[in-house]
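[1] generate coordinates for the sequence data below:
(one chain, ligands or ions: 1)
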Amino acid sequence: MDKSEKLALSLSLTLLVVFMGAIVYASVAKNIEVPTCITDVEPFTTDTLFQTGPDEYELQMVSRMWAFQPSTVRLPAGSTVDLYVTSQDIIHGFKVEGKNINLMAVPGTINYLRVKFDEPGEYLFACHEFCGAAHHTMAGRFIIEEGLDEPETEDGGV
Ligand code: CUA
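    I've put the predicted structure just below:
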């Protein structure tokens, strides 16, 4: 084997090890989660919010042309939300401002991500996948409030 071939091979192997190490570091030390596609659950057709533990909630978000259901989600500060997103028609996107949430809403499947809302405030979310004439109106918001007793969801305009 040529000397330059050996060098190229060992350099590629070293890079592979570095990249694998970066992935392990991100998931273990930084606790960065990769969005997950859930395949063993039937896609839901109606939106639901329910409490699963102290400060823990499950939100099932339905997207369709051209709205998110629910469009407003009110939660207490400190909430951890297991977020499940699906679509009833075509592919939409689900991105939350100021949070590391960027999911695709795909018909027939459910995508999942866990998110924690520590700071009170409004977190807008919007469709980031062009989905037709009213794509630009497809948005909603999380409203995070200090000491909120009754979490709730609303449908309709933002
Ligand atoms: Cu839904 Cu763009």
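
[2] now the element after the worst-scoring helix or strand of the chain on mean pLDDT, going C-ward?
    The weakest-scoring helix or strand in the chain, judged by mean pLDDT, DSSP states H and E, is strand 36-38 (a mean of 73). Downstream of strand 36-38, the next assigned helix or strand under DSSP states H and E is strand 48-53.

[3] what does this protein put close to the ligand?
    Within the chain, the positions adjacent to the ligand are Trp66, His92, Cys127, Glu129, Phe130, Cys131, His135, Met138 by C-beta under 6 Å from any ligand atom. The C-beta positions use only the backbone N, C-alpha and C, and glycine is treated the same way.

[4] is the third one in contact with Ile90, as I believe?
    No: checked against C-beta atoms under 8 Å, the pair Cys127 and Ile90 is beyond contact range at 10.6 Å.

[5] who has more neighbours, the two?
    Ranked by neighbour count (other C-beta atoms under 10 Å), Cys127 and Ile90 place Cys127 first, with 26 against 14.

[6] give me the buried positions along stretch 135-145.
    His135, Met138, Ala139, Gly140, Arg141, Phe142, Ile143, Ile144, Glu145 (16 or more other C-beta atoms under 10 Å).
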